[in-house]
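In: mind folding the following:
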Amino acid sequence: MDALAEAVIAGAAPAALQREAVPISYTAAHLRAADIGMFDGCEDADVRRSLRVGGVPMPSLAPDEVLVAVMASSINYNTVWSAMFQPMPTFNFLKRYGKRGGDAQRHDQPHHVVGSDGAGVVVRAGAAVRRWKIGDHVVVSCIQVDDHEPATHADSVLGAEQRAWGYETNFGGLAHYAVVKASQLITKPGHLTWEEAASNMLTATTSYRMLIGDKGARIKVGDIVLIWGATGGLGAFAVQLVKQAGGIPVGVVGSEAKERALLALGCDVAINRMEIGLTDDATPEQTIEQGKRLGRIIRKKVGEDPHVAFDYVGRATFGISVFVVRRGGTVVTCGSSTGFQHTYDNRYLWMNSKRILGSHAANLNEQAECARLFNLGKISPVLSAVYPLNEVGDAARLVQKNEHMGKVGVLCMAPKEGMGITDQELRDSIGEARMNPLRAV
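Out: The predicted structure follows:
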């Protein structure tokens, strides 16, 4: 391990971090452009084959960027997509970005360092960075924006040049170091460990925008919210947010173990997908029957149809979501883990004045508001497992096969779990049992 990394792990003062040289290379989970096509003709695009851990060159730092020593990160589904080279190789994003010239050229490399979450220590700051300094403990947002775009100042998610860090850009978070824009940073909650803090930003803030933010469904007290994949990273945060907003979460999961975990999260209603006969390749007629079956279960449990369907599963669930929400209800979607091509019966949409709302990540203000909820102890991390960086392939495979619950963390520079807490008093006041509800199941 390089001297700068050793200083970070030892908790060295900012002046000591400044004295240590930035290494010329660093350890990172990465993909290789030479491996594109390796899964052609394969039924199983096993991401353990494509995700590699090893040395990559250290990039230069742009004036508005910081170099973060990444203590921990986590697996998101975009890393699975990246490692499968689906729906397209992410090297296409990097090449297109590189054509902008200037600092963007650095991203077009024959390797792609992936990962869209991270928590760590600022070790260098560009000349134009004002709010962050060496030694700051930070968490990293997954969205990079161009603050020269007018749309960014209305809602940064609408900017044409916004990109998902570590997916549409290089130098992501599953590594010992990461290059990020200063506008991606938020102060790390002091009561969380590195791995807990690193598991929240992408999924929790996405769920926040979908449900709470003024660009989302804007749920209110008493709203019934159907949550597909309710023990996944997005779903487990959605359950907590609905409860905090005074709503009634109704979660759908795929096993009895996940039902138990869902109830431990505080979900009002847990439904096993087997109860509705959910399949990935349902006909339009089967979709309506599944929707009717689900509607009967929800009405039996809570007496009404849902106001909102929270759907990131995609093709397998979307038609049911459109069918099952009440008149005037909302389907809010941020992804499609089972397939991007959705079909639904439009009669149930237009004749009942329902709406479909697309949502992508979150802007910086939404992220800060969501981080505030962690600091208040209103929502908790949902880690279920933590892997070392050299086993990142196994961690991603767990998510690829949907055999996980909540979030799967990855220790990067941190040598062990439990490090990084700077506010033990707050942690004690919240209570250890509430910090990781899914790890206790």
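
In: neighbours around the residue nearest to Asp64 when sequence neighbours are not counted, how many?
Out: Leaving aside its sequence neighbours, Asp64 sits nearest to Ala128 (C-beta to C-beta, 6 or more residues apart in numbering; 4.8 Å). C-beta coordinates here come from the backbone N, C-alpha and C atoms, glycine included. By other C-beta atoms under 10 Å, the residues close to Ala128 number 10.

In: list the contacts for Ala128?
Out: The contact partners of Ala128, by C-beta atoms under 8 Å, 6 or more residues apart in numbering, come to 63-64, 182.

In: cool, and Gly37?
Out: Phe85.

In: for it, give its distance to Ala45.
Out: Distance from Gly37 to Ala45, counting by C-beta to C-beta, to the nearest Å: 11 Å.

In: between those two, which contacts overlap?
Out: Residues within reach of Gly37 and of Ala45 at once, by C-beta under 8 Å, 6+ apart, are Phe85.

In: in the protein, where's the longest strand?
Out: What stands out as the longest strand in the chain, according to DSSP state E, is strand 65-74.

In: could you identify the helix or strand that succeeds it?
Out: Per DSSP states H and E, strand 65-74 leads on to helix 77-84 as the next helix or strand towards the C-terminus.

In: what's that following helix packed up against?
Out: Packing partners of helix 77-84 (3 or more C-beta pairs under 8 Å, 6 or more residues apart in numbering; DSSP states H and E): helix 47-50, helix 392-400.

In: output that helix as PDB, restricted to C-alpha atoms.
Out: Presented in PDB, the C-alpha positions along helix 77-84 are these (Å, rounded to 0.1, in the frame of the first residue of the first chain):
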ATOM      1  CA  TYR A  77     -27.000  -2.500 -10.500                       C
ATOM      2  CA  ASN A  78     -25.200  -0.100 -12.900                       C
ATOM      3  CA  THR A  79     -22.000  -1.900 -12.000                       C
ATOM      4  CA  VAL A  80     -23.600  -5.200 -13.000                       C
ATOM      5  CA  TRP A  81     -24.800  -3.700 -16.300                       C
ATOM      6  CA  SER A  82     -21.200  -2.400 -16.900                       C
ATOM      7  CA  ALA A  83     -19.600  -5.800 -16.200                       C
ATOM      8  CA  MET A  84     -22.100  -7.600 -18.500                       C
END
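
In: ok now that helix, how far from the chain's centre?
Out: 12 Å (C-alpha atoms, centre = their mean, to the nearest Å).

In: and the next helix or strand after it with helix 77-84, angle?
Out: Downstream of helix 77-84, the next assigned helix or strand under DSSP H and E is helix 91-98. Per axes from the mean of the first three to the mean of the last three C-alpha atoms, to 10 degrees, the angle that helix 91-98 makes with helix 77-84 is 100 degrees.

In: which parts of helix 91-98 are buried?
Out: If you call a residue buried by 16 or more other C-beta atoms under 10 Å, then helix 91-98 has these buried ones: 91, 93-94, 97-98.

In: now do stretch 73-93
Out: For stretch 73-93, by 16+ other C-beta under 10 Å, it's 73-85, 89-91, 93.

In: next one: stretch 34-46
Out: Across stretch 34-46, burial judged by 16+ other C-beta under 10 Å covers 35-36, 39, 45-46.

In: of these, which pair is most distant in space?
Out: Ile36 and Asp46 (15.5 Å; C-beta to C-beta).

In: returning to that earlier point: among the buried residues of helix 91-98, which one lies nearest to Phe237?
Out: Using C-beta to C-beta, the buried residues of helix 91-98 come closest to Phe237 at Phe93, 26.1 Å.

In: could you pull up the residues touching that closest one?
Out: With C-beta under 8 Å, 6+ apart, Phe93 has these contacts: 163, 167-169.

In: same deal with Ala21?
Out: 3-4 are the contacts of Ala21 under C-beta under 8 Å, 6+ apart.

In: wait, Gly251 sits on Leu234?
Out: No - judged on C-beta atoms under 8 Å, Gly251 makes no contact with Leu234 at a distance of 11.7 Å.

In: hmm, who's touching the helix or strand bottoming out on mean pLDDT in the chain?
Out: Of all helical and strand segments in the chain, the minimum by mean pLDDT, DSSP states H and E falls on helix 432-435, at a mean of 86. Contact with helix 432-435 is made by 192, 196, 377, 380-381, 427, 440, as judged by C-beta under 8 Å, 6+ apart.

In: try it again with 10 Å
Out: 191-193, 196, 377, 379-381, 383, 427, 440 (C-beta atoms under 10 Å, 6 or more residues apart in numbering).

In: got JSON lines for the residues you listed, with secondary structure, distance to Val221 and neighbour count too?
Out: Output for the contacts of helix 432-435, formatted as JSON lines (DSSP: H, G, I helix; E, B strand; the rest coil; distance: C-beta to C-beta, whole Å; neighbours: other C-beta atoms under 10 Å):
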{"residue": "His191", "secondary structure": "coil", "distance to Val221": "28", "neighbour count": "22"}
{"residue": "Leu192", "secondary structure": "coil", "distance to Val221": "28", "neighbour count": "26"}
{"residue": "Thr193", "secondary structure": "coil", "distance to Val221": "33", "neighbour count": "26"}
{"residue": "Glu196", "secondary structure": "helix", "distance to Val221": "29", "neighbour count": "29"}
{"residue": "Gly377", "secondary structure": "coil", "distance to Val221": "20", "neighbour count": "16"}
{"residue": "Ile379", "secondary structure": "coil", "distance to Val221": "17", "neighbour count": "24"}
{"residue": "Ser380", "secondary structure": "coil", "distance to Val221": "21", "neighbour count": "24"}
{"residue": "Pro381", "secondary structure": "coil", "distance to Val221": "25", "neighbour count": "28"}
{"residue": "Leu383", "secondary structure": "strand", "distance to Val221": "29", "neighbour count": "26"}
{"residue": "Arg427", "secondary structure": "helix", "distance to Val221": "29", "neighbour count": "20"}
{"residue": "Ala440", "secondary structure": "coil", "distance to Val221": "29", "neighbour count": "11"}
